[in-house]
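With the sequence up front, the predicted model follows.
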Amino acid sequence: MEKKESKSRKIEKKRFIGDDEGYRFRPNPLKTPEYSPSPLLPALMPAYTPDKNIIFFDPLSKKPERLIFELDTGYLDFEEAALEELDEHIRKHKNCDELEEYFDIPNKLRFLQSNHYKAEKTIENMTEHIKFLKQHIGVKLSDEAIEILHKGLFYTYGRDRYFRPVCVFRAAVLTENKVDYDEAIKAACFVASYIVRNLMVPGKVENWTLIDNLSNLAIHKLPLKFIIRFLKLAETQLKFRDRAVVLLNVTFAIRMIYKIVSPFLDDRLKAKLTMTKDSTHEILNELIHPSQLQRKYGGEADDIELYWPPMASSNVYGHNPELIDKSGFDDSASELSSRSYGIPSKSSRRISKATPSNEKPAGNRHVLDLDGLRCDEPVAANDIVLEETISREQKR
């Protein structure tokens with residue numbers, strides 16, 4: 001039977017805004033959410049346009065590493081050529097229909113770039129990714145995975161100066177108590193998927209700034225096989241979501257482990273890594289406004305112990321005003337109330353049964369698979385009630 005032809009792509013000439021060396025693309029309006037003041041997105045987001053230094057990690061190189069993919073203005077010439085070659089291979093592949101179903105053009109380019117623009121290797125990775133999605137996405141979390149979620153193995157708190165979510169990975173959670181590593185991976189994948197779907201904006205914000213807090217990590221309790229597996233999983237499944245990775249509280253033993261696992265890491269990921277034995281680093285203050293960074297990491301925001309749902313401490317980002325176009329934009333919308341942005345008051349930082357809000361911000365859908373709880377209606381961040389946690393609190 002003749003294979004179904006993949007959808008043809010119209011290759012457009014790149015359209016530029018201003019004279020920013022031809023790299024300041026206009027985001028795809030069809031993939032940008034409708035904006036009203038949202039509990040999950042900064043109010044300035046509609047007026048924000050990333051420049052070449054945000055779209056690319058290394059904009060001056062011959063083949064720059066792309067970080068923003070969801071653009072409606074065409075790609076660089078070598079990227080377009082690689083996409084054409086990939087499409088030819090997909091048309092001949094036995095799983096052509098499934099590959100086309102799961103991968104749109106931006107995600108094809110993500111996987112191409114990850115595999116150094118080698119079409120056959122890219123298709124192998126894409127097939128592997130489809131299998132991963134079927135196994136992890138939409139799967140109900142176990143009680144143990146939910147417990148790991150609430151312990152803060154991987155969580156997000158605030159945004160950096162370019163509105164990217166600030167994420168924290170607390171490795172000590174893996175060694176403080178006996179943890180099922182498979183469940184830990186499921187919990188981390190759930191949070192990562194949530195961040196991508198709800199806290200990022202295609203064409204504007206597609207990455208995060210990651211803090212790896214290695215404090216109190218009993219490295220001798222963490223199997224090397226798991227470390228390699230976890231790092232490879234992040235590299236092969238979460239394509240180009242890291243803008244910066246800062247490892248804090250790095251001991252001599254951890255540096256030795258890094259030397260062992262380093263050969264398994266892509267050079268592009270290693271270029272984004274910063275390691276320090278201290279609990280903070282100057283790069284964090286360069287990337288993140290103090291009001292968005294917890295005190296224990298060198299900022300001014302309160303340290304938190306409630307890791308879910310996602311929270312922010314401030315509406316101040318320290319952003320570059322040159323990237324904000326306020327023409328036709330209601331500036332009053334940038335002054336959000338703490339409630340509408342999902343900023344918890346001190347009294348709400350303890351989990352309690354919340355009364356559902358009547359607010360229904362557009363364009364954001366919390367989809368939770370926690371203990372059978374699924375919420376497909378738009379809700380304010382602090383109105384998410386995790387029944388298993390409330391039940392646990394009530395028993396105390």
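In hand now; what should we look at?

number of nearby residues for the residue lying closest to Gln237 once chain neighbours are set aside?
Spatial nearest neighbour of Gln237, chain neighbours left out: Phe132 (5.5 Å); criterion: C-beta to C-beta, 6 or more residues apart in numbering. The C-beta positions use only the backbone N, C-alpha and C, and glycine is treated the same way. Close neighbours of Phe132, defined as other C-beta atoms under 10 Å, add up to 14.

what's whichever strand or helix holds Phe132 packed up against?
Per DSSP states H and E: Phe132 is located in helix 119-136. Judged by 3 or more C-beta pairs under 8 Å, 6 or more residues apart in numbering; DSSP states H and E, helix 119-136 is in contact with helix 77-92, helix 96-102, helix 105-114, helix 181-198, helix 224-237.

What's the mean pLDDT across the helix or strand just after that helix?
Following helix 119-136 in sequence order, the next helix or strand is helix 143-151 (DSSP H and E). Regarding helix 143-151, the rounded mean pLDDT is 92.

between helix 143-151 and helix 181-198, how many degrees?
With axes from the mean of the first three to the mean of the last three C-alpha atoms, to 10 degrees defining the directions, helix 143-151 sits at 60 degrees from helix 181-198.

helix or strand right after helix 143-151?
Heading C-terminal from helix 143-151 (DSSP H and E), you reach strand 154-159.

Can you give the contact residues for the helix holding Phe132?
Residues from elsewhere that reach helix 119-136, judged by C-beta atoms under 8 Å, 6 or more residues apart in numbering: 82, 85-86, 88-90, 93, 95, 98-99, 102-103, 108, 111-112, 114-115, 186, 189-190, 193, 236-237.

cutoff 6 Å now
85-86, 89, 99, 102-103, 111-112, 115, 189, 237 (C-beta atoms under 6 Å, 6 or more residues apart in numbering).

which sections of the protein are below the confidence cut-off?
Along the chain, segments meeting pLDDT under 70 span 1-39, 137-139, 328-396.

if I read this right, Asn213 contacts Arg170, doesn't it?
Yes: if you go by C-beta atoms under 6 Å, Asn213 and Arg170 touch, sitting 5.2 Å apart.

which ones are touching the nearest residue in space to Ile55 that is not next to it in sequence?
Among residues not flanking Ile55 along the chain, Ile68 sits closest, at 4.4 Å (C-beta to C-beta, 6+ apart). Ile68 is in contact with 50, 55, 206, counting by C-beta under 6 Å, 6+ apart.

So which of those is the closest to Asp278?
Set against Asp278, the nearest of the contacts of Ile68 by C-beta to C-beta is Glu206 (29.6 Å).

which SSE is the nearest residue to Phe78 once chain neighbours are set aside in?
Leaving out its chain neighbours, the residue that sits closest to Phe78 by C-beta to C-beta, 6+ apart is Lys63, at 5.9 Å. Following DSSP H and E, one finds Lys63 outside all helices and strands.

ok, Lys63 to Ala271 distance?
Counting by C-beta to C-beta, to the nearest Å, the gap from Lys63 to Ala271 is 14 Å.

Please identify which of those two sits among more neighbours.
Lys63 (14 against 11).

how near is that one to Lys108?
Using C-beta to C-beta, Lys63 is found at 17 Å from Lys108.

Pull the number of nearby residues for Gly298.
Using other C-beta under 10 Å, Gly298 has 17 other residues around it.

Tell me who's in contact with it.
Neighbour list for Gly298: 280, 284 [criterion: C-beta under 6 Å, 6+ apart].

Please apply the same query to Ile324.
47-48.

can you give me phi and psi for it?
With angles defined as degrees, to the nearest 10, Ile324 sits at phi -110, psi 120.

beta partners for it?
Beta-bridge pairing of Ile324 under DSSP bridges involves Tyr48.

quick revisit: return the distance of the residue nearest to Ile55 relative to Lys131.
27 Å.

next one: Pro263
From Pro263 across to Lys131, the span is 25 Å (C-beta to C-beta).

higher neighbour count, the two?
Lys131 (10 against 7).

For the more buried one, give its distance to Asn95.
11 Å.

just Glu300 next, same as before
To Asn95, Glu300 is 51 Å away according to C-beta to C-beta.

now do Val245
33 Å.

neighbour count winner among these two?
Between Val245 and Asn95, counted using other C-beta under 10 Å, Val245 has the larger neighbour count: 20 against 15.

Surely the more buried one is in contact with Ala271?
No: taking C-beta under 6 Å as the definition, Val245 is not a contact partner of Ala271, at 9.9 Å.

overlap in contacts of those two?
With C-beta under 6 Å, 6+ apart, Val245 and Ala271 have no common neighbours.

Setting aside sequence neighbours, what's the nearest residue to Val166?
Nearest to Val166 is Gly158, by C-beta to C-beta, 6+ apart, at 4.8 Å.

related to what we said a few turns ago, please pick the buried ones from the contacts of Ile68.
Neighbour-count burial within the contacts of Ile68 applies to 50, 55, 206; the criterion is 16 or more other C-beta atoms under 10 Å.

and those residues, which of them are in helices?
Ile55 (DSSP state H).

so can I have TSV of the buried ones among the contacts of Ile68 showing distance to Val316?
Below are the buried ones among the contacts of Ile68 laid out as TSV (distance: C-beta to C-beta, whole Å):
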residue	distance to Val316
Pro50	20
Ile55	24
Glu206	23
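
Looking at the buried ones among the contacts of Ile68, which is nearest Ala312?
Using C-beta to C-beta, the buried ones among the contacts of Ile68 come closest to Ala312 at Glu206, 18.7 Å.

Thank you, goodbye.
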